[in-house]
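Enquirer: please find the sequence and the predicted model below.
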Amino acid sequence: QVPLVESGGGLVQAGGSLRLSCATSGRTVNDYSMAWFRQAPGKEREFVAAMTGGATITDYADSVKGRFTISRDNAKNTVYLQMSNLKPEDTAVYYCAQRSRPWTGISVMRDEYPYWGQGTQVIVSA
């Protein structure tokens, strides 16, 4: 099991910003595709953003393009999700995920990611 620990969630007003962090140990984040997913109450877990190893390619759900940015700090072995102009519909538990093999591409399918964090709650008030 790969430990992934998310943090940075909280309550924010619509239009505000939050930065989520996903720290890992044991495996260098730069070598693996990493992703953020989210799950709202009563809904399926959905893709938000992903980044390949080496950060050469990123992908975003249409609903967050232009508002969210995925990045990584290799020195801290941490992946971030900067969220701006938040909307009430962004309310969800946010999870980071990691692919099993190094230097594989990104995927929007949650089944392609075997390693998950415990999630961090984001609540956006109107």
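Expert: Ah, there it is.

Enquirer: which residues of this protein fall in strands?
Expert: Along the chain, counting by DSSP state E, strands occupy 4-7, 10-13, 18-24, 34-39, 46-51, 58-60, 68-73, 78-83, 92-98, 115-116, 120-125.

Enquirer: show me what counts as buried in stretch 52-61.
Expert: By 16 or more other C-beta atoms under 10 Å, the buried positions in stretch 52-61 come out as 52, 53, 55, 59, 60, 61. All C-beta spots, glycine's among them, are computed from the backbone N, C-alpha and C.

Enquirer: what about residue 126, how many neighbours?
Expert: Residue 126 is flanked by 7 other residues according to other C-beta atoms under 10 Å.

Enquirer: in contact with the closest residue to residue 31 other than its chain neighbours, which residues?
Expert: Counting by C-beta to C-beta, 6 or more residues apart in numbering, residue 31 lies nearest to residue 102, which is 4.1 Å off, once chain neighbours are set aside. Taking C-beta atoms under 8 Å, 6 or more residues apart in numbering as the contact definition, residue 102 lies against 31, 32, 53.

Enquirer: reformat the buried residues of stretch 52-61 as CSV; add pLDDT and distance to residue 17.
Expert: Listed next are the buried residues of stretch 52-61 as CSV, based on pLDDT from 0 to 100; distance: C-beta to C-beta, whole Å:
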residue, pLDDT, distance to residue 17
52, 91, 25
53, 83, 27
55, 70, 21
59, 96, 21
60, 97, 16
61, 98, 18
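
Enquirer: for the residue nearest to the spatial centre of the chain, which non-adjacent residue is closest in space?
Expert: Nearest to the geometric centre of the chain sits residue 36, at 2.3 Å (C-alpha atoms, centre = their mean). Closest residue to residue 36 apart from its sequence neighbours, by C-beta to C-beta, 6+ apart: residue 48 at 4.3 Å.

Enquirer: tell me if I'm right that residue 94 and residue 37 touch.
Expert: Yes. Using C-beta atoms under 8 Å, residue 94 is in contact with residue 37, at 7.4 Å.
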